[in-house]
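Asks: Could you work out the structure for the sequence below:
(one chain, ligands or ions: 1)
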Amino acid sequence: MTGLALSGKTALVTGGTRGIGRAIAARLLAEGAAVTVTGTRPEGAAPEGCAYEAVDFADAAASTDFAARMEGLGFDILVNNAGINKVAPFAEIATEDYLRIQQVNVTAPFLVTRAVVPGMVAKGWGRIVSIGSIWGLIGKEHRGSYCPTKFALDGMTVALAAEVAQFGVLVNCVAPGFIDTELTRTNLGEAGIAKLVAQVPVRRLGTPDEVAAFVAWLAGPENTFISGQTIAIDGGFTRV
Ligand code: NDP
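Replies: Numbering: from 1, shown residues only. Model prediction:
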């Protein structure tokens, strides 16, 4: 017994090679959990100390196979983090892009969650945290393929939470706002970030570590009464 909050717990973090997922995996590990992360590459860059599984959630058959492999492994914590986005005017969204984003952001989390939840129910303890987005709480132009997927995670969260909270399994969704990742910097540039930050009450981007700290708390034993929620971590952006 190390005395760390998550010692003795096992966690699966999808998309744990970069950005927010990597910070979550590192945080769960630092708090004592044994962590498995996924990424798309055969030799993915998992944080040191994490086990690694390769899976491309855009591939329906690979997602089904992966979920089947996760069944019965007895994970205590699942973080559905892997997600993709493509910004486009609604009328120009290609059907294949729409379907790919649905597959990665909604169908894969459903398959993985369905695979691990019976084990959590059987042991009477589990924590599931899905990474949504503020674009799953409010809307924005050119997010016609992304918004529906993040609203869907809220739907999955409320439905599953209603079913399994009585068995000690708490299910939540965290909705990050503008987070300082490589993707955000590349997409927006310095000028874009400055403009955006002016609209955020905290007046800065969030960090992956801030999201990770909150996810780790929600996924840990100190969270005993929060379930079925989608909680924004956005510097106040969605409430002004
Ligand atoms: P990144 O693009 O930095 O990382 C994405 C992770 O998901 C990587 O580990 C990547 O693996 C994995 N991944 C990408 N495509 C697939 C796929 N087809 N199948 C399986 N895994 C895949 O993402 P972020 O850290 O920016 O975002 C993480 C989550 O947070 C997403 O769900 C996103 O929607 C959400 N979010 C992000 C915000 C932000 O500001 N960044 C704001 C709000 C929500 P690999 O390294 O192998 O490619």
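
Asks: Can you tell me which residues in the chain are near the ligand?
Replies: With Cβ under 6 Å from any ligand atom as the criterion, the chain meets the ligand at residues 15-21, 39-41, 44, 55-58, 81-85, 104, 131, 133, 176, 178-179, 181, 183-184. (C-beta placed from N, C-alpha, C; glycine too.)

Asks: ok now the longest strand seen in the chain, how far from the chain's centre?
Replies: For the chain, the longest strand by residue count, based on DSSP state E, is strand 169-176. Centroid separation for strand 169-176 versus its chain: 8 Å, with Cα atoms, centre = their mean, to the nearest Å.

Asks: tell me what it is packed against?
Replies: In terms of contacts (3 or more Cβ pairs under 8 Å, 6 or more residues apart in numbering; DSSP states H and E), strand 169-176 is packed against helix 108-123, strand 126-131, helix 147-164, helix 208-218, strand 230-233.

Asks: Determine which stretch of those is the most buried.
Replies: Highest mean neighbour count among the helices and strands packed on strand 169-176 (mean count of other Cβ atoms under 10 Å): strand 126-131, with a mean of 27.

Asks: counting contacts, what elements does it pack onto?
Replies: By 3+ Cβ pairs under 8 Å, 6+ apart, strand 126-131 packs against strand 77-80, helix 108-123, helix 147-164, strand 169-176, helix 208-218.

Asks: mind checking the backbone torsions on Asn105?
Replies: Phi and psi for Asn105, reported as degrees, to the nearest 10, are phi -90, psi -20.

Asks: ok, Thr238 - contacts?
Replies: Contacts for Thr238 were tallied using Cβ atoms under 8 Å, 6 or more residues apart in numbering; they are 134, 137-138, 175, 177, 232.

Asks: PyMOL command to pick out the buried ones of those residues?
Replies: Of the contacts of Thr238, the buried ones can be selected in PyMOL as follows, counting by 16 or more other Cβ atoms under 10 Å:
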select buried, resi 134+137+175+177+232
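
Asks: low-scoring stretches of this structure, by residue?
Replies: 1-2 (pLDDT under 70).

Asks: quick one on the thing from earlier: list buried residues within the residues of the chain next to the ligand.
Replies: 15-17, 19-21, 39-40, 44, 55-58, 81-85, 104, 131, 133, 176, 178-179, 181, 184.

Asks: circling back: redo the helices and strands packed on strand 126-131 as CSV? Include distance to Met70.
Replies: Formatted as CSV, these follow (distance: least, Cβ to Cβ, whole Å):
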stretch, distance to Met70
strand 77-80, 9
helix 108-123, 5
helix 147-164, 16
strand 169-176, 16
helix 208-218, 19
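
Asks: residues making contact with the following helix or strand past the longest strand of the chain?
Replies: Scanning forward in sequence from strand 169-176 by DSSP states H and E, the next helix or strand is helix 182-197. Helix 182-197 is contacted from outside by 18-19, 87, 178, 203-205, using Cβ under 8 Å, 6+ apart.
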